[in-house]
Structure formats: structure tokens, C-alpha cells
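Colleague: this one's structure only:
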Ligand SMILES: Nc1ncnc2c1ncn2[C@@H]1O[C@H](COP(=O)(O)OP(=O)(O)OP(=O)(O)O)[C@@H](O)[C@H]1O
Ligand SMILES: CC(C)(CO)[C@@H](O)C(=O)[O-]
Ligand code: BAL
């Protein structure tokens, strides 16, 4: 696997692959890779000839007081994992390479509606940062296909809308959430949890499973979600939100069948997210 830090070297290598008629699959990440990221690499390998991963802890998507500085940076371990997973190219630029004029002067991409509420409500400006960097990575790599995790459900919806609105020639593929044996969705931020918090963390997914059962049994959403919030607080979480939305993140209406439960909650300083799809009864 080749690790590249500069844009001209990336363009040169990608041009050679394109001249040879190879398709390109992109896996954007912030590094500190785990089996969830490797599932994206596997999917990209199935769908394209050459897999390009990127590692960049994007400052534009972090708000003041968030964990930009603390975010784990583990390049050597990540390179070994990507190489073993069959990734051909790793692009790991630094901030000055991607934002040479600095963040304040940077052109931004904003995706209305789908960026609002949920994580967009709790983290103002976050999805502008995500949409901007993903647009930039799409322009730099020009992939045929790009893989993103369904764990970041709203992010995936934002990226799908961005690709649709700007007519970008890339196929966006969502990859199912990879979980630990006890159900906790894998996340780099799980590494922030103390042993005691790690023991509590699976309650997040368990609560979603319980709520899904109740909703599918025909219980009304509002009191069911209120009971879920109480259960999370009793377990020690400080929830940012717990919501039931239509699968496209629109509001649930009388005719909605395909829906999704979405949650973000803090355990101490660590912010965890999760979601669970469900079919609502008639
Ligand atoms: N458990 C998982 N299953 C499937 N995809 C995942 C999982 N965790 C992360 N991803 C996906 O990997 C890509 C890179 O995500 P990122 O580097 O932010 O990882 P992360 O572990 O989710 O980190 P964070 O703790 O910052 O949310 C995203 O598309 C994300 O949805
Ligand atoms: C898509 C992404 C790599 C953009 O920085 C990031 O939001 C992530 O890791 O999910
Ligand atoms: N996994 C999405 C990146 C972020 O939390 O900033």
C-alpha cells in the first residue's frame, strides 16, 4: 500500500489507475481504524478495482469545545490494518494541504433540510464541515463508488443529497453498522470510555431494540420515546436526542412504514450515536 500526503502525488497515481481502466472505490475516514472501517474497505473492494482510503481529522466539522485535539491519531497502526485489508492507496493529508487559505477563507458546501436537527442540531455547522470535506475528497479522488457507514445515518443522508443535488458522478454505498459482541456500535470514540462506562454503553443499542419492539407492537411513538429517554438517563446517559423519523429522515406521518430510531447520548464526556431501522405497523 502506498501512503501519500500530497495532492499531486495522489493525482498522478490515480491517473495511472484510470488509464489502465481500473475503477476506484473511496473510503473516507478520520483514522483510528476498527472493524467498522474495515467493513467499508471490504465493500469498496467488492465494488471497485482499486481501494483508496483517506485519513483526515477534519477540523471544519468539529465545534468549539469538541474533541478535535483529543481525537486519536494512530497512523502506523491504521496503515498496517489497511494494508492487511487490501487497500492500495492511503491519502493522509495535513490541514494546510487541504485548507491552504485556512478554515475561515475556505469555500463551504451546505446541504439544507437533511442537515438540520439530530446531530446537525446538537453540533451546529458539523454537516457543512462534512459536506465540504467529502466534496473535496470526491474531487481529489474522483471515485466511481464511495462507502460510508450506516452508523452515521444522518451523515449518509447528507452525502446522498449532496451527490444528488450537485449531480456528482459517484455511487454512494451505505454499509451496515458493525457492533461489538455486546451490541455497542464500534466507534473510535469508544476508546474514551472508562471500564465502568464501557459496561453501561451497550444500553444505548438495547434501548433502541426495546423501543423498536414496543413501536412494532403498536405503541404510540411519543410516550414510547419519552420512556426510552428516561431509561437512558437512569442508565447514566445524557441524551442529545432520541427520535423516530421516516427512513429518509422526514417526519413520521400516518402512511410512514419504513422508519428509523436515532439516538445520540453522552456518557461522561464521550458522545455516542446509534440507530435502528424498523417497519411500523399499519
Ligand atoms: N461501527 C461501524 N460500522 C460501520 N461503519 C462505521 C462504524 N463506525 C464508523 N463507521 C464509518 O466509518 C467512516 C469513518 O468514520 P469515523 O472515522 O468517524 O469513525 P468512527 O469510529 O465512527 O469515529 P467517531 O467516533 O469519530 O464517530 C464513516 O463512514 C462511518 O460511518
Ligand atoms: C466522512 C468523514 C471522513 C468526513 O470527515 C467523517 O465525517 C467520518 O469519519 O465519518
Ligand atoms: N463519525 C463522524 C465524524 C464526527 O463525529 O465528526
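Modeller: Received the coordinates, thanks. This is a predicted model, so every value here is computed, not measured. Ligands and ions are numbered 1, 2, ... in the order given.
Colleague: Pull up the residues of the stretch 101-250 of the chain that are close to ligand 1.
Modeller: 148, 149, 151, 152, 175, 177, 178, 185, 186, 187, 188, 189 (Cβ under 6 Å from any ligand atom). To be clear about C-beta, it is placed using only N, CA and C from the backbone, and glycine gets the same treatment.
Colleague: what's the farthest-apart pair in the residues you listed?
Modeller: 175 and 189 (18.4 Å; Cβ to Cβ).
Colleague: neighbour count winner among the two?
Modeller: Using other Cβ atoms under 10 Å, the more surrounded residue of residue 175 and residue 189 is residue 175, with 20 against 17.
Colleague: Go ahead and confirm the more buried one touches residue 150.
Modeller: Yes - between residue 175 and residue 150 there is a contact under Cβ atoms under 8 Å: 6.4 Å.
Colleague: hang on, the earlier thing: out of the residues of the stretch 101-250 of the chain next to ligand 1, who's near ligand 3?
Modeller: By Cβ under 6 Å from any ligand atom, the members of those lying near ligand 3 are residue 152.
Colleague: out of the residues of the stretch 101-250 of the chain next to ligand 1, who's nearest ligand 1?
Modeller: Using Cβ to the nearest ligand atom, residue 149 is the member of these that lies nearest ligand 1, at 2.2 Å.
Colleague: interface residues of the stretch 151-282 of the chain facing ligand 3?
Modeller: Listed as neighbours of ligand 3 in the stretch 151-282 of the chain under the rule Cβ under 6 Å from any ligand atom: 152, 155.
Colleague: Can you name the residues of the stretch 151-282 of the chain sitting close to ligand 2?
Modeller: So the stretch 151-282 of the chain meets ligand 2 at 152, 155 (Cβ under 6 Å from any ligand atom).
Colleague: where do the strands sit along the stretch 151-282 of the chain?
Modeller: Assigned by DSSP state E, counting those that start in this stretch, the stretch 151-282 of the chain shows strands spanning 171-175, 238-246, 258-267, 270-279.
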